[in-house]
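# Here's a sequence, model it:
(4 chains)
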There are 2 protein chains.
Amino acid sequence: MSDDPERSDSRKSSIARELRRGSLELIVLHVLAAGEAYGYEIVTKLTRETDGALEVTDGTLYPLLYRLERAAFVVVRWDTPARGVPRKYYQLTDAGRMELDTLTADWFTFAAAMARLLGKAGSDDSHD
Amino acid sequence: MSDDPERSDSRKSSIARELRRGSLELIVLHVLAAGEAYGYEIVTKLTRETDGALEVTDGTLYPLLYRLERAAFVVVRWDTPARGVPRKYYQLTDAGRMELDTLTADWFTFAAAMARLLGKAGSDDSHD
DNA sequence: CAAGATATCTTGCATGACAAGCTATACGAC
DNA sequence: GTCGTATAGCTTGTCATGCAAGATATCTTG
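The predicted structure is shown next:
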């Protein structure tokens, strides 16, 4: 497709990259909460559904999925059809759902603190 | 005992730590936008004003301030009074103010994307 | 003097995002 | 056949940066 290395922002402004830290786990767990998915699917899904704002590369995702598996937040199911490339489906466990809740709460706490500091109440967009 | 080893995590919940990534620069620039400040002051100010939610340690702050200085986002002024420990005051430059604007916009973009993702009800899973 | 608060700076480690590279299967075009 | 592309997964190495821990120095108080 548009493999356009000339894009002025081909390299995320570096802030976006760092912002993703600590939120990616939450993001992926949230995607999985909607139903099982395989890695490649999560990558394309996130890129598309968030307009690239929360994009994740496979080089980032697979290690993350492995960490989630090791932490027992997800379980893995291989789907090896007669034809087609085998897919590794990830499914949330109860522990994963609890982790998702915790992380979601943490996120809202953090986002609220940021909103308070930056002086906006989010809902009201009165820009001064 | 005020010493509470059972506190699920002796260190910052690791997620909180990572969430600070990429937002700390914004936070500090924002504090400096309110007027010049010295390092130790920023540490105590942030801890107090955000109820610890956006706390930063001096071991984190000083290297950050140095990066900001090297990037010309701040200028430094030493205050060496006849009595009292010398203080290094940091002041925002025009470039720093522009960076603050950029980072603030980036933050709101990111926060909005997160809100959109997390706000989507799980019940509605009719994807394309 | 000793101890503590104030104030700055440095070293070393751990984490994790990401680019770049790799493997393998399926399928259409040649 | 085999080449190119899409799908699908995995691995290695690099870089940035948060933070603990420690060093240094000054001032104040007992």
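
# Can you name the residues of chain A that neighbour DNA strand D?
Residues of chain A lying close to DNA strand D (CB under 7 Å from any atom of the strand) are A:1, A:14, A:18, A:38-41, A:58-59, A:62-63, A:65-66, A:84-89. C-beta: built from backbone N, CA, C; applies to glycine.

# Just the buried ones among those, please.
Taking 16 or more other CB atoms under 10 Å in any protein chain shown as the criterion, what is buried in these is A:18, A:38-39, A:65, A:89.

# so who does A:V75 touch?
Residues near A:V75 by CB atoms under 8 Å, 6 or more residues apart in numbering or on different chains: A:69, A:90-91, A:93.

# And the residues you listed, which is closest to DNA strand C?
Checking these against DNA strand C with CB to the nearest atom of the strand, the nearest one is A:E69 at 13.6 Å.

# Wait, the closest one touches A:V76, no?
Yes. The pair A:E69 / A:V76 is scored as a contact, 5.9 Å apart, by CB atoms under 8 Å.

# Common neighbours of the two, please.
A:Y90.

# At the geometric centre of chain A, which residue sits there?
For chain A, A:I27 is the residue whose C-alpha lies nearest the centre (CA atoms, centre = their mean; 3.1 Å).

# can I assume it sits in a strand?
No. With DSSP: H, G, I helix; E, B strand; the rest coil as the criterion, A:I27 is helix rather than part of a strand.

# Show the contacting residues for it.
Residues near A:I27 by CB under 8 Å, 6+ apart: A:46, A:54, A:56, B:114, B:117.

# repeat that with 7 Å
Shown in contact with A:I27 (CB atoms under 7 Å, 6 or more residues apart in numbering or on different chains): A:46, A:54, B:117.

# Need the pLDDT of it.
At A:I27, the model reports a pLDDT of 96.

# try the one 10 residues further on
Predicted confidence (pLDDT) at A:A37: the value is 97.

# any idea which of the contacts of A:I27 is closest to DNA strand D?
For the contacts of A:I27, the nearest to DNA strand D is A:L46 (12.8 Å; CB to the nearest atom of the strand).

# Could you list the buried residues of the strand or helix carrying that closest one?
In the assignment (DSSP states H and E), A:L46 maps to helix A:39-49. Buried positions in helix A:39-49, judged by neighbour count with 16+ other CB under 10 Å: A:39, A:42-43, A:46, A:49.
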